[in-house]
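Q: A structural model of the following input is requested.
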Amino acid sequence: MGCTHNSSNLAFPALLKQNPPRSILVIITRRIGDVLLATPLIRSLKAAWPQAKLDVLVFENTRDILANHPDIHQIITMPNGISKLEKLKWKISLWNQYDLAVSALPSDRAIMYAWLAGKYSIGLIEEKPKQGWKKYLLNDWVSFDNVNTHTVSMGLKLVNQLGLSPKYEVSVNWTTSDSQLVDALLAEKQIQAYAVLHIYPKFAYKIWHSAGWVGLVAWLNTQNMQVILTGSSDPSEMRYITELLEKLPTNTLNLAGRLNFAQMAYLLKKSTVYVGPDTVATHLAAAMGTPTVALFGPSNPVKWGPWPKEYHEESSPWKMVSPSQKMANVVLLQGLGDCVPCHLEGCDRHINSHSKCLDELPASRVIAAIISLIS
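A: Numbering: from 1, shown residues only. Below is the predicted model:
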């Protein structure tokens, strides 16, 4: 089947309805947030074709967030540390292995894998110069919008193009052993009501200032709410948290580096409230239905705002500019400057710079947001 425009290829979804795919590959070779926000796409495909074996192709360092997912048959990761010849053989091994391949990204790599793996393929393509060649690799495609469409919504546009019913829930699953481990940690400290704070994002330009966290923790303590810190085992993150802990009350519980994504999701689901920056933990909290305060600086909220648990629309839950927005279980806070959101990497335009809009965000606004969510 030749390439056609996204709005005119009516034969493609009709053909799939006549011959339902028995094997599906979803390609999400990007950061962990992209992988998590592709779960509504995955759920939609599996709901439409429950008998199909659905695999996903991701980077090794992002696979854990899909562990235990009931819709996924196999998680395939790109091999690292192998020769060019071995990598070529691995790519060739994908050739025509799936009835349907879906690229959830517009990247060259993801599109190439969809072309390689699928007897039929569909993906996202940017309407930019020098991107048109990708249309010849796919049986069908959808125009990619990087500014005014949410990441979840982009995946659901592929669902619509296939003529399927969308499933909106962002999902992470845990095992009984995961929940038991978290319950044991809480029982050991006799913790009931608690707030989860995720203080460290991957990049410095998304960081909220330490004085804000100190003020917030002090207030949470007056509300008789146990404060729990979460984070990864990355050395820079652990160091940042250790330094902040010196300024916090001694009863603050630090679980950074001790939980996997499944365990963190379960911890968040039981939490009274969550506060965090633009990071995957904030998406997790929103997906769990936890009252969530998201601290956004330069980031585009329309594209990257947390997807609330009960939000079942294809348009983004968030506006581009609003100092405080509330949707279902999430409040999204932005800075007050005219430049917000700038969509850039901090005021100095690199990932290690700071963002004035976050540096000037007071703890009082965050506290007011918490009160609005849990009152």
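
Q: can you give me the strands in the protein?
A: 23-27, 53-58, 74-77, 98-103, 118-126, 140-144, 194-197, 226-229, 253-254, 273-277, 292-296, 324-327, 330-334 (DSSP state E).

Q: Tell me which of those strands sits nearest to Trp213.
A: strand 194-197 (6.8 Å; C-beta to C-beta). Glycine gets a C-beta too; all of them are placed from N, C-alpha and C.

Q: Run me through the strand neighbours of that closest one, direction for each.
A: strand 226-229 (parallel), strand 273-277 (parallel) (DSSP bridges).

Q: Make a markdown table from the strands of the chain and add distance to Tyr311, mean neighbour count and mean pLDDT to it.
A: Putting the strands of the chain into a markdown table (distance: least, C-beta to C-beta, whole Å; neighbours: other C-beta atoms under 10 Å; pLDDT from 0 to 100) gives the following:
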| stretch | distance to Tyr311 | mean neighbour count | mean pLDDT |
| --- | --- | --- | --- |
| strand 23-27 | 22 | 25 | 98 |
| strand 53-58 | 23 | 22 | 98 |
| strand 74-77 | 26 | 14 | 96 |
| strand 98-103 | 23 | 28 | 97 |
| strand 118-126 | 21 | 22 | 96 |
| strand 140-144 | 21 | 21 | 96 |
| strand 194-197 | 21 | 24 | 98 |
| strand 226-229 | 26 | 21 | 98 |
| strand 253-254 | 30 | 16 | 97 |
| strand 273-277 | 17 | 26 | 98 |
| strand 292-296 | 12 | 28 | 97 |
| strand 324-327 | 6 | 16 | 96 |
| strand 330-334 | 9 | 26 | 97 |
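
Q: Take the strands paired with strand 194-197 and write them to JSON lines, including distance to Phe12.
A: Formatted as JSON lines, the strands paired with strand 194-197 follow (distance: least, C-beta to C-beta, whole Å):
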{"stretch": "strand 226-229", "distance to Phe12": "48"}
{"stretch": "strand 273-277", "distance to Phe12": "40"}
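
Q: Which one, of these, ends up nearest to Asp145?
A: strand 273-277 (24.1 Å).

Q: mind checking how far that closest one is from the chain centre?
A: Centroid displacement of strand 273-277 relative to its chain, using C-alpha atoms, centre = their mean, to the nearest Å, is 15 Å.

Q: Same check on stretch 134-143?
A: For stretch 134-143, the distance to the chain centre is 25 Å (C-alpha atoms, centre = their mean).

Q: re earlier: include distance to Tyr240 when you put the strands of the chain into TSV, please.
A: Compiled in TSV, the strands of the chain are given as follows (distance: least, C-beta to C-beta, whole Å):
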stretch	distance to Tyr240
strand 23-27	33
strand 53-58	27
strand 74-77	28
strand 98-103	35
strand 118-126	35
strand 140-144	34
strand 194-197	13
strand 226-229	11
strand 253-254	12
strand 273-277	12
strand 292-296	15
strand 324-327	27
strand 330-334	21
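
Q: Run through the helices of the chain in chain order.
A: 11-18, 32-36, 39-48, 84-93, 108-117, 151-161, 176-188, 210-222, 235-245, 261-269, 280-287, 301-304, 356-359, 363-374 (DSSP state H).

Q: Point out the most buried one among those helices.
A: Across the helices of the chain, averaging neighbours per residue (mean count of other C-beta atoms under 10 Å) puts helix 280-287 on top, at a mean of 27.

Q: Check the offset of that helix from the chain's centre.
A: 7 Å.

Q: residues in contact with it?
A: 32-33, 36-37, 65, 169-172, 196, 198, 230, 261, 264-265, 268, 271, 274, 276, 292, 294, 306-309, 329-330 (C-beta atoms under 8 Å, 6 or more residues apart in numbering).

Q: I am finished for the moment; much appreciated.
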